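**Q** I'd like to go over a predicted model; first the sequence, then the structure.
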Amino acid sequence: MGFLKSFVQEFKEFAVKGNVIDLAVGVIIGGLLAKSPTPWSPTS
């Protein structure tokens, strides 16, 4: 339980540092890539 508590606290500190925007951008890009009919891959 202590591990989870420390993880949540670290995550809060991480989020407060302005990385929420980076996280949102990553989620949006990931969602767009997942929805594309031909996902980009290094081998294509």
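**A** Yes, it's here. From a predicted model like this one, the values you see are computed outputs, not experimental measurements.
**Q** Which parts of the chain are helices?
**A** Listed from the start of the chain, the chain has helices (DSSP state H) covering 2-14, 20-35.
**Q** Using JSON lines, lay out these together with mean neighbour count and mean pLDDT.
**A** Placement of C-beta: from N, CA and C, glycine included. Output for the helices of the chain, formatted as JSON lines (neighbours: other C-beta atoms under 10 Å; pLDDT from 0 to 100):
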{"stretch": "helix 2-14", "mean neighbour count": "9", "mean pLDDT": "81"}
{"stretch": "helix 20-35", "mean neighbour count": "10", "mean pLDDT": "82"}
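**Q** what residue is smack in the middle of the chain?
**A** With the centre of the chain defined as its mean C-alpha position, the nearest residue by C-alpha atoms, centre = their mean is residue 23, 4.4 Å away.
**Q** How much space separates that residue from residue 29?
**A** With the distance defined as C-beta to C-beta, to the nearest Å, residue 23 ends up 11 Å from residue 29.
**Q** Next, count neighbours for residue 19.
**A** Using other C-beta atoms under 10 Å, residue 19 has 12 neighbouring residues.
**Q** residues contacting it?
**A** For residue 19, no residue counts as a contact, taking C-beta atoms under 8 Å, 6 or more residues apart in numbering as the criterion.
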